[in-house]
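Asks: Sharing a model that was predicted from the sequence below.
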Amino acid sequence: MIVLEHLGKRFDAVEAVREVSLEARDARVTGLLGPNGAGKSTTLRLLYGALRPDRGRALVDGLDVAREPAAALARLGVLPHNAGIYPLLTARENLRYYGRLHGLGGATLERRIDELGELLDLGALLPRRAKGFSQGERLKVALARALVHSPQNLVLDEPTNGLDVLATRNLRELVRRLRDAGHCVLFSSHVMQEVSALCDEIVIVAHGRVVARGTPDELRAGVAGGSLEDAFVAALDGAGGSG
Amino acid sequence: MRALATVFLKELLENARDRRTLLSALIIGPLGGPLLFGTMVNLTLERGRERADQPLELSVAGRAAAPNLVAYLEREGARVRDFAGDGAAAAAAVRDKRARIVLVVPGDYGERFRAGEPARIEVYTDAADTSASTDRARTGALLRGYGAQVAMWRLEARGLSPLLAQPVVVDEVDVSTPAARALALLGMLSYFIVFATLMGGLYVSIDTTAGERERGSLEPLLTLPVPRRSIVLGKILAAAAYMALSLLLNVTAFAVVLRFVRLDTAGMALSLGAGTALAIFAVMLPFVLVGAALMAIVASFTRSYREAQSWLAAVMLVPTLPIMFASVFQVASRTGLMWVPSLGQHLLIQSLLRGEVPSALHVLLSAGSTLAIGVALTAIAARLYAREKILG
């Protein structure tokens, strides 16, 4: 479970995150939805410790990321925006590197890599160097890498960027499977269809603030048009005045 | 510790597969210097030797007026050719490289010679042409020798001792050892060694910092539950390891190449046997940490691979500056200079090449201070990688 409490972060003149609080529960897919520049990536970076918050705190399974980074991050799998893998290493070596940095090793780690190979359908990719991989293949390896230490919680920042239809579908299926296995998945997107197709909970952010939240049905019920798109636009309009 | 080793080994493996790293660490860095150095020295030596072995070619205008002089020159081994023309023609011929040296005997030479007055001979040569410097010196010596001989005959003919014309005898005693004569050339050697060492870690440093950021693999790496200083230290040590490898190959290559350079024939001795080579490697080794940490620091400010490439190429020049300075100003080995990284190593390498055993104090001072500076730079690099801005 991931809890963000009153997060705030300023870069020089820009207040990237003003006030973001949310709860992403286990066995749920929580979507962070918002237009480009709304502060989604910054919020997630505050969560996974790449940035330090000016205000508020981020908790992973009750552990404060700022105070106990090692313990908190060990329970978190992260796929940052446009994450890259090492082109001169094979897919297996890429996974092994992260596994070892998580403290795994030996036969246990190799078994885990084989498991992930099956889960993500990496089979033929594992022994190949990543240099010639397609965008979708690279993403699968990066995702497997985020899962190598079997984290309870998973953070995906705009994971479908640049993926073709088939790869997007596969990713969606995988996220559902992880949820059904009891994991907490928090993922960000600026594509509304993406979020509505996958998420149990949606948190809409604009101008660094949470402007609406709820299940897709709850959000739809709150607006005149009755579509999620209307809800999204209404939430953004509401935020425009204050932001 | 475990994380540090993991990062270190991964960078070693990844860079061993990188053609750019291999090219710079195993080939261009280590072998470029020795080959360039060997070729240059060999060419210089051979050219000097060829000139000395060949007969001196002289063009003489108006030789009929000075038959004795020409006979003397030929007796001394010069090959004399007739030259038709006056001083202006001689100057033109030398300038156009049709002749190296032209002697012009003026029309009044015989008359003045017989009268016992100083008889003028014009020597046309191009002082800017360094390849003619040996010939110029030989011509001067021959003409002075002829003059001295004639002077002696004249004094004897007048019943005077020829020794009267020699009030002072100059006897130069050259105290330089053959090794010291080689030193001017050897100043360049440590320059090449420092350069090769840095070259070995250049692409590793770029790849592990700016390269990793550009590929988008830095951010996921920094989200791992691993202290950032372990990651930075692993990367710096990997670059240092490649620098050490390049250094080892470079010193070995120098030892091999210098076997084929006949410095002894030019009166220069140089000891770069296995023992000296090993000592040079040991003296240089602490420097790799300074080099690797310095590159990590500079690379942390660059935004892209290409930017890192330009900046690090400039950084490679910094440690070579003290060596250039020391070579140009002929700085002598002093305790007070040993603590400066690269300068201390340069001075120690010089004395090793001279066949001396450097003092233990100097070796310890150089190694200790270089290591301390390397550790300080590494700590700075670790702080820079802990900044939020590192993600770009």
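Replies: Nice, thanks for sending it over. Note that the structure is predicted; figures quoted are calculated from it, not measured.

Asks: Please report phi then psi for residue 206.
Replies: Because you didn't say which chain, this covers chain A. Per-residue torsions, A:Ala206: phi -150, psi 140 (degrees, to the nearest 10).

Asks: cool, and A:Ile202?
Replies: Dihedral angles (degrees, to the nearest 10) for A:Ile202: phi -130, psi 130.

Asks: what bridges to it?
Replies: A:Gly31, A:Gly214 (DSSP bridges).

Asks: contacting residues for it?
Replies: For A:Ile202, the contact set (Cβ atoms under 8 Å, 6 or more residues apart in numbering or on different chains) comprises A:30-31, A:33, A:195-196, A:212-216, A:219. Glycine gets a C-beta too; all of them are placed from N, C-alpha and C.

Asks: rerun at 6 Å
Replies: By Cβ atoms under 6 Å, 6 or more residues apart in numbering or on different chains, the contact set of A:Ile202 is A:31, A:33, A:195.

Asks: now swap in B:Leu294 and tell me
Replies: Neighbour list for B:Leu294: B:Leu377 [criterion: Cβ under 6 Å, 6+ apart].

Asks: Wait, a strand at it?
Replies: No: checked against DSSP: H, G, I helix; E, B strand; the rest coil, B:Leu294 lies outside a strand; its state is helix.

Asks: For it, give me the pLDDT.
Replies: Note on B:Leu294: pLDDT of 95.

Asks: so how far is B:Leu384 from it?
Replies: B:Leu294 sits 12 Å away from B:Leu384, going by Cβ to Cβ, to the nearest Å.

Asks: what sits up against the helix or strand where B:Asn68 lies?
Replies: Counting by DSSP states H and E, the element that carries B:Asn68 is helix B:67-75. With contacts defined as Cβ under 6 Å, 6+ apart, helix B:67-75 is touched by B:63, B:80, B:142, B:146.

Asks: Any part of stretch B:382-392 near chain A?
Replies: Yes: using Cβ under 6 Å from any Cβ of the partner chain, stretch B:382-392 reaches chain A at B:388, B:391.

Asks: buried sites along that stretch?
Replies: Along stretch B:382-392, the positions that meet the burial threshold by neighbour count (16 or more other Cβ atoms under 10 Å in any protein chain shown) are B:382, B:384-385, B:390.

Asks: circling back: now, which of the contacts of A:Ile202 sits nearest B:Ala274?
Replies: Using Cβ to Cβ, A:Gly31 is the member of the contacts of A:Ile202 that sits closest to B:Ala274, with 67.6 Å.

Asks: Need the pLDDT of that closest one.
Replies: For A:Gly31, pLDDT reads 95.

Asks: That one: what's it in contact with?
Replies: Shown in contact with A:Gly31 (Cβ under 6 Å, 6+ apart): A:195, A:199, A:202.

Asks: What of B:Gly29?
Replies: Going by Cβ under 6 Å, 6+ apart, the list of residues near B:Gly29 reads B:196, B:199-200, B:246.

Asks: B:Ser333 versus whichever residue of chain B sits closest to chain A, what's the distance?
Replies: Here chain B gets closest to chain A at one residue, B:Gly216, 3.3 Å apart by Cβ to the nearest Cβ. B:Gly216 sits 50 Å away from B:Ser333, going by Cβ to Cβ.

Asks: Equivalent analysis for B:Pro358, please.
Replies: Counting by Cβ to Cβ - B:Pro358 and B:Ser333 are separated by 8 Å.

Asks: next one: B:Gly87
Replies: Counting by Cβ to Cβ, the gap from B:Gly87 to B:Ser333 is 52 Å.

Asks: go on, B:Phe192?
Replies: 19 Å.

Asks: Could you do B:Phe113 as well?
Replies: From B:Phe113 to B:Ser333 the distance is 56 Å (Cβ to Cβ).

Asks: tell me what whichever strand or helix holds B:Ala238 is packed against?
Replies: Following DSSP H and E, one finds B:Ala238 within helix B:228-259. On a contact count with 3 or more Cβ pairs under 6 Å, 6 or more residues apart in numbering or on different chains; DSSP states H and E, helix B:228-259 meets helix B:2-16, helix B:29-53, helix B:183-206, helix B:274-284, helix B:287-301, helix B:360-385.

Asks: and the longest one with helix B:228-259, angle?
Replies: To tie it back to what came earlier, the one meant is helix B:360-385. Helix B:360-385 runs at 140 degrees relative to helix B:228-259, counting by axes from the mean of the first three to the mean of the last three Cα atoms, to 10 degrees.

Asks: And the third one, by the same measure?
Replies: Helix B:183-206 and helix B:228-259 are oriented at 150 degrees to each other (the same axes, to 10 degrees).

Asks: returning to what we had before: mind putting the contacts of B:Gly29 in CSV, neighbour count and pLDDT included?
Replies: Formatted as CSV, the contacts of B:Gly29 follow (neighbours: other Cβ atoms under 10 Å in any protein chain shown; pLDDT from 0 to 100):
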residue, neighbour count, pLDDT
B:Ala196, 28, 92
B:Met199, 26, 92
B:Gly200, 31, 92
B:Ser246, 28, 95
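
Asks: near chain B, which residues of chain A?
Replies: Near chain B, when you scan chain A using Cβ under 6 Å from any Cβ, you find A:48, A:50-51, A:70, A:73-74, A:78, A:80, A:82-84, A:86, A:88-89, A:97, A:100-101.

Asks: So which of those sit within strands?
Replies: If you go by DSSP state E, these have A:Val78 in strands.

Asks: In PyMOL, select just the buried ones from the residues of chain A next to chain B.
Replies: Listed next is the PyMOL selection for buried residues among the residues of chain A next to chain B, using 16+ other Cβ under 10 Å:
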select buried, chain A and resi 48+50+51+73+74+78+80+83+84+86+88+89+97+100+101
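
Asks: With neighbour numbers in mind, choose between B:Phe192 and B:Ser333.
Replies: Neighbours of B:Phe192 and B:Ser333, each counted by other Cβ atoms under 10 Å in any protein chain shown, are more numerous for B:Phe192; the result is 21 against 18.

Asks: Just give the number of residues close to the closest residue to the more buried one other than its chain neighbours.
Replies: Spatial nearest neighbour of B:Phe192, excluding adjacent residues (Cβ to Cβ, 6 or more residues apart in numbering or on different chains): B:Gly33 at 3.3 Å. Using other Cβ under 10 Å, B:Gly33 is surrounded by 23 other residues.

Asks: Find the centremost residue of chain A, please.
Replies: Closest to where the C-alpha atoms of chain A average out (Cα atoms, centre = their mean) is A:Leu156, at 1.9 Å.

Asks: Give me the common contacts of B:Pro358 and B:Ser333.
Replies: With Cβ under 6 Å, 6+ apart as the test, B:Pro358 and B:Ser333 both reach B:Ser351.

Asks: circling back to that earlier point, dump the helix holding B:Asn68 to PDB, keeping only the CA atoms.
Replies: Taking Å, rounded to 0.1, in the frame of the first residue of the first chain, the C-alpha atoms of helix B:67-75 are listed here in PDB:
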ATOM      1  CA  PRO B  67      93.000  26.600 -55.800                       C
ATOM      2  CA  ASN B  68      94.700  25.800 -52.400                       C
ATOM      3  CA  LEU B  69      91.500  26.300 -50.400                       C
ATOM      4  CA  VAL B  70      89.600  23.900 -52.800                       C
ATOM      5  CA  ALA B  71      92.400  21.400 -52.600                       C
ATOM      6  CA  TYR B  72      92.200  21.600 -48.800                       C
ATOM      7  CA  LEU B  73      88.400  21.100 -48.800                       C
ATOM      8  CA  GLU B  74      88.700  18.100 -51.100                       C
ATOM      9  CA  ARG B  75      91.400  16.600 -49.000                       C
END
